[in-house]
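1. coords please:
(chains A and B)
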Amino acid sequence: MAETDSYETAINRTDRVAEFEDTRRGFVGTVQHVLHTNPALVPLIVLVLSILTFGVLQGSRFFSPFALTLILQQVQIVGIVAAAQSLVILTAGIDLSVGAIAVISSVVMGQFTFRYGLPVEVAVACGLALGTAIGYLNGWLVAVMKLPPFIVTLGMWQIVLAANFLYSANETIRSQEIEANAPLLQFLGTTFKVGADESGRGGATFTYGVIFMVLLVLVLAYALRHTAWGRHVYAVGDDPEAAQLSGVNVKRTLISVYALAGLICAFAGWALIGRIGSVSPTSGQLLNIESITAVVIGGISLFGGRGSILGTFFGALIVGVFTLGLRLMGADAQWTYLLIGVLIIAAVAVDQWIRKVAA
Amino acid sequence: MKKLLTGTALALAATSGMALADGHGTTACLITKTDTNPFFVKMKEGATAKAEELGITLKTFAGQVDGDHETQVAAIETCILDGASGILITASDTSSIVSSVQQARDAGLLVIALDTPLNPIDAADATFATDNFLAGELIGQWAAASLGDAAADAKIAMLDLAVSQPTVGVLRDQGFLTGFGIDVKDPSRWGDEDDPRIVGNDVTQGNEEGGRRAMENLLAVDPEINVVYTINEPAAAGAYEALRAIGRENDVLIVSVDGGCPGVQNVADGVIGATSQQYPLLMASLGVEAIAQFAADGTVPAPTEGKDFTDTGVALVTATPVDGVDSIDVAEGMELCWG
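-> Next up, the predicted model:
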């Protein structure tokens, strides 16, 4: 009898002791269950459906490698920032300062190069460090000072934006000057084509910024799912007290998430220079709202602890597909905003419905 | 300042800065949309310099972002309370501000709209602004003349400001099309034209990112676009990046409006073919003079003949002048530029 109590026998036991009954679910219940276990599935389905719809309506004009990769280019900044936003929202927080961090980082990269004559590599490193530092400060205020994330980042948004305008005097650094003196700043805007014709038209067009966005999403998706840090992020978002009791260092996890979000936003600032060519202190004003939109459409719960970063990526792409598709159809740009509004509410409604499934 | 005055041929008789030495004790208010846009920074600079020269007190206010209406209303109320003689305002919301402006006028203040006319335009005592329709017309004429016979089958992208169609954007857009020789249908809105040469309209929010996105969208509609109208120079710079990404930056004509220093530099570098330059510093300094005059003897500034506002001038800046369209060269444009 003592034998059955040992660890090895318990772990290797083959006879069933107890299990959840999983038989009377029905079709709707099964769908609900599948969606619950794969939170990125809903946005993926919406994405595929919207691409197919616009493809049917527009034919090859939309359904071409050129147009489809153009969407990737158009969403790259929002996509990168939304990845940072996802991390924060997974901890049941929110970061309203993401856009401001991206812009001030790009301004620092530009001004350090052109105003102080620093080597461009150093300037880029300074920009990335500044973004991380602002994120760290956000995290410290949230985790250690116990201030609500909404308030902390609302304040930080204003502080950083004002600092950005004060420091830059709202001066734009022109694309031509950057190209001549500091091409590294435009590195993430470097374009390469696959399958273009002889004159360089058409074909799939990628930029390093797009590649960076995709790699970032994949790396974060892996880290969130398969590393201790990633599981801690989910645990903290789900229930910080339970996480604390089971030995997760909640403060350190929160600070690391906000600091990492700051760093990612700084990379977004770098990609922004590549995208628009110049360093412009007035760009990126709506990035915080756009990134939250992508996160919500991507099915990440604003209450924390649930959702997948792949969903965010699909959410950003859905917005991009609707924007370009509707423009190609010649629709008034207001229709895009209207439909995105509908998508946001629909996404949250679906999220609520999925929540009802027994876990 | 002197260069600016000599550089633009203007009928300034109505508001010429005569000896207004008794301006002491007079207060003027300047209310701008934001204090971050270089255009308004230059405006503030012009107003401050002129106020110092005339010995009057200038108080400046600005909304936090473009479109911040509440702050501007509060600023007008503050100025009335303060006993100011007059208000210079670039309104964020040209219709909604009218009731507050009326309050100020009822309280005996002179209200001058700078750069952006109110809706209706006579809601202010006077308007000192760029003739935006003319600004558009100049670049339209220049583009048509530069293309020559090819203008008949041009493919035009229209990069506008915003879907709400603010007057400044409509005037420039419709001016450009008129200058180019295209029937604009209803001149009070863009987008209703049916000329096949127009590939499409898209909006840019007047910045680089918006300019690039709008250009990409229209290139997806027709990759053969060869003329690009842009609402302002940042949008033009964004459009250029989109063209550069597909290797078409050298065979497309980009025209714009504003005359900011980076924009004029872009004309020098061949990014922008031609731009219509406007003069915010002049608007503000003329406005301060008008308020000083009003405080001294109650004179209300008269509008430019044949227009319902005081035209502060516009000049076409290009490195490649064409016959029949007056223009100034890049060097002169750089001397007069703002921001």
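
2. please make it C-alpha for all contacts and neighbour counts, starting now.
-> Will do.

3. for the stretch 101-250 of chain B, give me the ranges with low pLDDT.
-> Regions of the stretch 101-250 of chain B meeting the criterion pLDDT under 70 are absent.

4. could you pull out the helices in it for me?
-> Counting by DSSP state H, counting those that start in this stretch, the segments of the stretch 101-250 of chain B that form helices are B:132-147, B:167-180, B:208-221, B:233-245.

5. now the ones you listed in TSV, with mean neighbour count and distance to chain A?
-> As requested, these are exported to TSV (neighbours: other C-alpha atoms under 10 Å in any protein chain shown; distance: least, C-alpha to the nearest C-alpha, whole Å):
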stretch	mean neighbour count	distance to chain A
helix B:132-147	24	22
helix B:167-180	25	16
helix B:208-221	26	6
helix B:233-245	26	6
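
6. out of those helices, which comes closest to residue A:237?
-> Between residue A:237 and these, the shortest separation by C-alpha to C-alpha is 33.9 Å, and it involves helix B:208-221.

7. quick check: residues of chain A near chain B?
-> Applying the criterion C-alpha under 8 Å from any C-alpha of the partner chain, the portion of chain A that neighbours chain B consists of A:61, A:67, A:70, A:74, A:165, A:169-172, A:174-175, A:191, A:200-201, A:275-278, A:280, A:282-283, A:324, A:327-328, A:330, A:332-334.

8. among these, which ones are buried?
-> With burial judged by 16 or more other C-alpha atoms under 10 Å in any protein chain shown, the buried subset of the residues of chain A next to chain B is A:61, A:67, A:70, A:74, A:165, A:169-172, A:174-175, A:201, A:275-278, A:280, A:282-283, A:324, A:327-328, A:333.

9. and the closest residue to chain B within the stretch 101-250 of chain A, what is it in contact with?
-> Residue nearest to chain B within the stretch 101-250 of chain A: residue A:170 (6.0 Å; C-alpha to the nearest C-alpha). Residues in contact with residue A:170, defined by C-alpha atoms under 8 Å, 6 or more residues apart in numbering or on different chains, are A:164, A:280, A:281, A:282, B:36, B:37, B:38.

10. ok, it to residue B:60 distance?
-> For residue A:170, the distance to residue B:60 equals 18 Å [C-alpha to C-alpha, to the nearest Å].

11. ditto for residue A:213
-> In this structure, residue A:213 and residue B:60 are separated by 43 Å, where distance is defined by C-alpha to C-alpha.

12. these two - which one has more neighbours?
-> The residue with more neighbours, out of residue A:213 and residue B:60, is residue A:213; 27 against 19, by other C-alpha atoms under 10 Å in any protein chain shown.

13. what kind of secondary structure is the nearest residue to that one once chain neighbours are set aside in?
-> Of all residues beyond its chain neighbours, the one nearest residue A:213 is residue A:80 (5.5 Å), with distances taken as C-alpha to C-alpha, 6 or more residues apart in numbering or on different chains. In terms of secondary structure, residue A:80 is helix; the call rests on DSSP: H, G, I helix; E, B strand; the rest coil.

14. what about residue A:80, distance to chain B?
-> Counting by C-alpha to the nearest C-alpha, to the nearest Å, the gap between residue A:80 and chain B amounts to 15 Å.

15. and that residue, how many neighbours?
-> Applying other C-alpha under 10 Å, we find 29 other residues in the vicinity of residue A:80.

16. same question for residue A:329.
-> Other residues near residue A:329 come to 13 when the count uses other C-alpha under 10 Å.

17. can you tell me the helix or strand for the residue lying closest to it once chain neighbours are set aside?
-> Counting by C-alpha to C-alpha, 6+ apart, the nearest residue to residue A:329 once its immediate chain neighbours are dropped is residue A:58, at 7.3 Å. Per DSSP states H and E: residue A:58 is located in helix A:41-58.

18. how many other residues sit next to the residue in the stretch 51-200 of chain B that chain A sits nearest to?
-> Shortest the stretch 51-200 of chain B-to-chain A distance, computed as C-alpha to the nearest C-alpha: residue-wise this is residue B:163, at 6.8 Å. Other residues within reach of residue B:163, judged by other C-alpha under 10 Å, total 15.

19. check contacts around it.
-> Residues near residue B:163 by C-alpha under 8 Å, 6+ apart: A:332, A:333, A:334, B:203.

20. quick one: the third one from residue A:353, how far?
-> Distance check for residue A:334 against residue A:353: by C-alpha to C-alpha, it reads 29 Å.

21. please apply the same query to the last one.
-> To residue A:353, residue B:203 is 37 Å away according to C-alpha to C-alpha.

22. do residue B:280 as well
-> According to C-alpha to C-alpha, residue B:280 and residue A:353 sit 56 Å apart.

23. more crowded one of the two?
-> residue B:280 (29 against 12).

24. can you tell me how far the residue found closest to that one once you drop the neighbours it is linked to in the chain is from residue B:258?
-> Nearest-residue entry for residue B:280: residue B:43, 5.1 Å, with adjacent residues in sequence omitted and distances by C-alpha to C-alpha, 6+ apart. Between residue B:43 and residue B:258 the computed distance is 14 Å (C-alpha to C-alpha).

25. residue A:71 now?
-> Plainly put, residue A:71 is 30 Å away from residue B:258 if you go by C-alpha to C-alpha.

26. low-confidence ranges, the stretch 1-150 of chain A, go.
-> In the stretch 1-150 of chain A, residues with pLDDT under 70: A:1-25.

27. please disregard the earlier target; I meant the stretch 151-300 of chain A.
-> Low-confidence segments of the stretch 151-300 of chain A, defined by pLDDT under 70: A:196-202.

28. ok, 90 please
-> Low-confidence regions of the stretch 151-300 of chain A, defined by pLDDT under 90, span residues A:165-166, A:168-177, A:179, A:189-206, A:276-278, A:280-286, A:299.

29. show me the strands in it, by range?
-> A:191-194, A:204-207 (DSSP state E, counting those that start in this stretch).

30. what would those look like in a markdown table with distance to residue B:32?
-> Formatted as a markdown table, the entries for the strands of the stretch 151-300 of chain A read as follows, by distance: least, C-alpha to C-alpha, whole Å:
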| stretch | distance to residue B:32 |
| --- | --- |
| strand A:191-194 | 40 |
| strand A:204-207 | 39 |
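
31. and those: which comes nearest residue A:144?
-> Proximity to residue A:144, assessed across the strands of the stretch 151-300 of chain A by C-alpha to C-alpha, is greatest for strand A:204-207 (39.5 Å).

32. and that closest one, what does it pack against?
-> Using 3 or more C-alpha pairs under 8 Å, 6 or more residues apart in numbering or on different chains; DSSP states H and E, the elements in contact with strand A:204-207 are helix A:65-90, strand A:191-194.

33. strand partners (parallel or antiparallel) of it?
-> Applying DSSP bridges, strand A:204-207 is found paired with strand A:191-194 (antiparallel).
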